[in-house]
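Novice: Quick one, what's the 3D model for this:
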Amino acid sequence: MKKFGFIVHAVTAKDAARRYPFLQRWPDPLIELFMLMKGPSVVGRTSVITSPTGAVTQGVFVGVPMSTRMLQKLPLEFSYKRILKAIEIAAQEGAEVVGLGAHTACIGDGGITLNARSRVPVTSGNSYTVATAIEAGMDAVGRLYPNLDLRFEGVLAVVGATGAIGKTCAQMLKDRFAVTYLIGRDLDRTQAAAESIGLPLSTATTDVGIIRKAHLVISVTSSDTDVIKSEHLSPGTVVVDVARPRDVSFRVQKERQDVLVIEGGVVRVPGKPSFGLNFGFPPYDAYACMSETMVLALEGRCEAFTCGKDVSPEQVEEISRLATRQGFGLSGYRSFERRVEDEDVERIASLAAKRVGLLSDLIAY
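Specialist: Predicted coordinates for the structure are as follows:
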C-alpha cells in the first residue's frame, strides 16, 4: 500500500479558531502572530481508502499554521521552509507522495522548488482540479441551456486566466464556445495567454465586468479578496469558483438567486473513508487537489504529477482517466457550503431560458 500526505492551511486568520477556539475573539494580527509561533503538525489521518480496482491507500493531513494572506505577504523562503517541514512530517508518517493544498500550491514556482528540496515527490493537484472544474461547468451549462448550441452562441469567461488552472481551462474549452474572454490583472500577460492558446487579442481584458456576457464563468484567481460581485453577473450565469479563498462574494448568495455558483473541484472519494479532518464537505467528499494525490497513491505512481505553473491538456486527460478508474467522480453541485438541489437548478434554468439564442443582446455591455 502506497500512502499519501496532504498539506493544508487556514484560508483566513479566523479559520484558525476552528482548531484553537480561544482565538475566536482575537483580532487577525494577533491570530497571525500566534500562528507564527506554532510549527506544522498532523491535523488528521484518513481511514483506509479502497477503490473499485481493489487498490488501497491511507493518508495524513499536515497543517501549516499560516493563512493565505501570510503566504502571500511573508518572504517566500520563510514560507518554503514551513511547507517543507510539513512535507517532511508527512514523509515521516509514511507518505510516499505529498499534495499541496490551497495557497501552498500557488506561491513561488508552483511546487517546483518544493519538489526539488523534498525527499518525496510533491504534486499541486492542479491537473485534477482543472478536470473537475471543466466537468462540473459543462454539466451545469448543459442543464441550464439544453437547447443552446454553445459552439455558435455560447460565451465563456475565465477569470484568472494567466494562472495554470485558468489558462488550461480556457485552452481545453475554447473550441466548445463561440466566444471566450480571458480576464487577468495584467493586460500584457493576459494577452500573451490569449495568444498562446490561439485566441485573438481582443478577448483579453482586465475588466471583470465583461463576465456579464458569459453563460459559463470559471474563476480561479489567487486573490485574497472578492473578485466577482452581484453586479458582475447576468441571470442564468453558471460560475465555477475554483479559488480558495473564494473569488465570488458571499453577497451573491443572498442577492442573486438567479445565478448558479458551483464550488469547483468537489469530488466523491470511493470506499466511504473517514478523513479525520473536517474541511466543510459532506462525508466522503474532498477537494480535487486532495483527490489527485489519493489517485496517484492508489495507482502506485508516487511522482510529481503536476508541478509548476503550467498544466497541459494531456495531464488533465490522463488524471481524469485514472480517477475514473479508481472510482472518483463529481459529487453533485455545492454552493456556499450547501448542496444545490434539483429544484434550485430548475429555477435558475427557467431564468436562463430567456437568454437562449440572445447572444446579440449580450454584445452591448
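
Novice: now the closest residue in space to residue 327 that isn't next to it in sequence: how far from residue 326?
Specialist: Nearest residue to residue 327, sequence neighbours excluded (CB to CB, 6 or more residues apart in numbering): residue 270, at 3.2 Å. The C-beta positions use only the backbone N, C-alpha and C, and glycine is treated the same way. Distance, residue 270 to residue 326, using CB to CB, to the nearest Å: 7 Å.

Novice: Name the residues contacting each of those two.
Specialist: 51, 52 (CB atoms under 8 Å, 6 or more residues apart in numbering).

Novice: out of those two, which sits in the more crowded spot?
Specialist: residue 326 (25 against 20; other CB atoms under 10 Å).

Novice: who's in contact with that one?
Specialist: Residues near residue 326 by CB under 8 Å, 6+ apart: 51, 52, 53, 55, 270, 294, 295, 298, 299.

Novice: correct me, but the first one touches residue 269?
Specialist: So that's residue 51. No. Using CB atoms under 8 Å, residue 51 and residue 269 do not qualify as a contacting pair, with a distance of 9.1 Å.

Novice: ok, these two, which is more surrounded?
Specialist: residue 269 (24 against 20).

Novice: Just give the number of residues close to the nearest residue to residue 46 once chain neighbours are set aside.
Specialist: Leaving out its chain neighbours, the residue that sits closest to residue 46 by CB to CB, 6+ apart is residue 59, at 4.6 Å. By the measure other CB under 10 Å, the count of residues near residue 59 is 29.

Novice: Now that we're looking at residue 59, what pLDDT does it have?
Specialist: You'll see residue 59 listed with a pLDDT of 98.

Novice: which SS class is it?
Specialist: Classification of residue 59 using DSSP: H, G, I helix; E, B strand; the rest coil returns strand.

Novice: how about the helices in this protein?
Specialist: Under the criterion DSSP state H, the chain contains helices at 28-37, 68-73, 76-92, 112-117, 126-144, 150-153, 164-173, 187-196, 251-255, 288-299, 313-325, 342-352, 359-363.

Novice: which one of those helices has the most crowded surroundings?
Specialist: Counting by mean count of other CB atoms under 10 Å, helix 288-299 has the highest mean neighbour count of those, with a mean of 28.

Novice: Can you name every helix or strand that that one contacts?
Specialist: strand 2-9, strand 56-64, strand 95-100, strand 122-123, helix 126-144, strand 266-268, helix 313-325 (3 or more CB pairs under 8 Å, 6 or more residues apart in numbering; DSSP states H and E).

Novice: export those to a markdown table and tack on distance to residue 212?
Specialist: Compiled in a markdown table, these are given as follows (distance: least, CB to CB, whole Å):
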| stretch | distance to residue 212 |
| --- | --- |
| strand 2-9 | 34 |
| strand 56-64 | 38 |
| strand 95-100 | 34 |
| strand 122-123 | 36 |
| helix 126-144 | 16 |
| strand 266-268 | 26 |
| helix 313-325 | 28 |
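
Novice: returning to that earlier point: looking at the contacts of residue 326, which is nearest residue 37?
Specialist: residue 294 (31.9 Å; CB to CB).
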